[in-house]
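Peer 1: sequence and predicted structure below; questions after.
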Amino acid sequence: NVYRNSKGIVAGDKHTRTTFSTTMRSAEGKSSGWNKRASHAISLLDAQSAILHSSDKCVAWDSPKSMDPGVYKAILEPSASADLLQHFIWSLDAREAEEGRSAFSRPNGATAAGEKIVNDKVHIYSDPSHPLVPSGTYGESGLAVSSTEWVTGGKLMNLSRGRYWAQKSGKDPLPGPTNLIMDGGGMLPEDFLTTLHEGLLVTSFWYIRDLDNQTLLKTGLTRDGLYWVEDGKIQYGVSNFRWNESPITMLQNVIDFSKPVVTAPRDGWDGMPMYVPMIYVSGFNFASQSDAV
């Protein structure tokens with residue numbers, strides 16, 4: 001990537017990104033499974049595992065049961081976590097917050113920076129030199145990107161600030177992240193799942209849209225694999241839902257999480273390298289049933 005402007009600023013960097021996703025459908029088209037892998041190095045992209053996972057998911061979703069809409073415990077696979085975390089990180093904009101237009105706005109032009117906004121287990125940061133998710137070293141307007149804390153111990157640590165708003169507000173600019181990292185536990189997702197008592201296992205989200213910027217409320221669909229888990233095992237497939245939830249509320253409801261893994265969102269922009277865990281939450285609002293496969 002090369003950045004140039006009319007003031008003579010020139011900044012450039014090189015980085016690579018590769019993704020692989022696959023959807024498996026039953027012969028009659030009534031069951032479906034999906035999986036996605038990502039890496040900065042194509043030699044590390046495990047496409048075979050993605051194929052096997054999506055095939056297993058398709059078989060497990062055969063003849064799904066209908067459940068009533070409601071707030072359920074939920075287990076978000078890393079790609080589903082990535083989608084909501086990306087929406088969260090995109091919202092951390094100082095101008096929007098200081099102008100009173102975001103979930104992080106506070107009275108009289110103040111912001112939520114320094115406040116505990118989510119569960120104190122949550123640690124989200126960015127670091128372009130991370131060995132598993134290396135990323136671009138220049139961001140908006142050619143600003144150099146360094147390791148940045150976004151949420152530490154549940155507290156909001158920083159908001160991104162472009163050159164214009166930095167000059168307008170008399171503060172230092174801070175570019176948004178070029179990768180996203182969330183700390184987790186010590187068990188890989190597939191092992192972590194076996195320790196959970198119950199919940200709806202979400203493979204992926206689809207068609208995420210804004211509902212309310214003041215609360216960061218989003219809506220979307222579950223897609224290609226939703227399952228009821230009990231005593232650490234998938235018991236049966238569940239018919240899909242439309243959901244209404246805020247990434248902030250999701251992070252407030254964190255119970256526990258797996259070890260982070262390299263992943264990519266399904267609905268969002270998969271050009272941002274992400275290293276995030278499977279997240280287990282105490283409540284997620286599945287608002288209405290959906291006929292989608």
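Peer 2: Arrived safely, thanks for sending.

Peer 1: need the helices for the stretch 101-250 of the chain, in chain order.
Peer 2: Along the stretch 101-250 of the chain, counting by DSSP state H, counting those that start in this stretch, helices occupy 163-169, 189-193, 247-252.

Peer 1: and the ones you listed: which comes nearest residue 277?
Peer 2: Among the helices of the stretch 101-250 of the chain, helix 189-193 comes nearest to residue 277, with 7.3 Å by C-beta to C-beta. Every residue, glycine included, has its C-beta placed from N, CA and C.

Peer 1: buried ones in that closest one?
Peer 2: Judged by neighbour count using 16 or more other C-beta atoms under 10 Å, the buried positions of helix 189-193 are 189, 192-193.

Peer 1: of those residues, which is the nearest to residue 86?
Peer 2: Distances from residue 86 to the buried residues of helix 189-193, taken as C-beta to C-beta, are shortest for residue 189 (18.1 Å).

Peer 1: test my guess that the closest one contacts residue 277.
Peer 2: Yes: judged on C-beta atoms under 8 Å, residue 189 makes contact with residue 277 at a distance of 7.3 Å.

Peer 1: need the overlap of contacts for the two.
Peer 2: 78, 258-259, 261 (C-beta atoms under 8 Å, 6 or more residues apart in numbering).

Peer 1: which residues touch the closest residue to residue 127 other than its chain neighbours?
Peer 2: Of all residues not flanking residue 127 in the chain, residue 147 sits nearest, at 4.1 Å (C-beta to C-beta, 6 or more residues apart in numbering). Residues in contact with residue 147, defined by C-beta under 8 Å, 6+ apart, are 125-129.

Peer 1: adding neighbour count, write the residues you listed out as a markdown table.
Peer 2: Shown next, in a markdown table, are the contacts of residue 147 (neighbours: other C-beta atoms under 10 Å):
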| residue | neighbour count |
| --- | --- |
| 125 | 19 |
| 126 | 25 |
| 127 | 20 |
| 128 | 22 |
| 129 | 12 |
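
Peer 1: wait, residue 137 sits on residue 130?
Peer 2: No: between residue 137 and residue 130 there is no contact under C-beta under 8 Å: 11.9 Å.

Peer 1: just to revisit the earlier point, just give me the closest of the contacts of residue 147 to residue 28.
Peer 2: The closest of these, once distances to residue 28 are taken by C-beta to C-beta, is residue 126, at 44.3 Å.

Peer 1: how much space between residue 99 and residue 141?
Peer 2: 19 Å (C-beta to C-beta, to the nearest Å).

Peer 1: higher neighbour count, these two?
Peer 2: More crowded of residue 99 and residue 141, by other C-beta atoms under 10 Å: residue 141, with 16 against 12.

Peer 1: surely the more buried one and residue 165 touch.
Peer 2: No: the criterion here is C-beta under 8 Å, and residue 141 misses it with residue 165 at 10.9 Å.

Peer 1: overlap in contacts of those two?
Peer 2: residue 173.

Peer 1: going along the chain, name the strands of the stretch 1-150 of the chain.
Peer 2: Counting by DSSP state E, counting those that start in this stretch, one finds strands in the stretch 1-150 of the chain at the ranges 2-4, 10-12, 18-25, 32-39, 70-76, 124-126, 148-152.

Peer 1: I appreciate the help and will end here.
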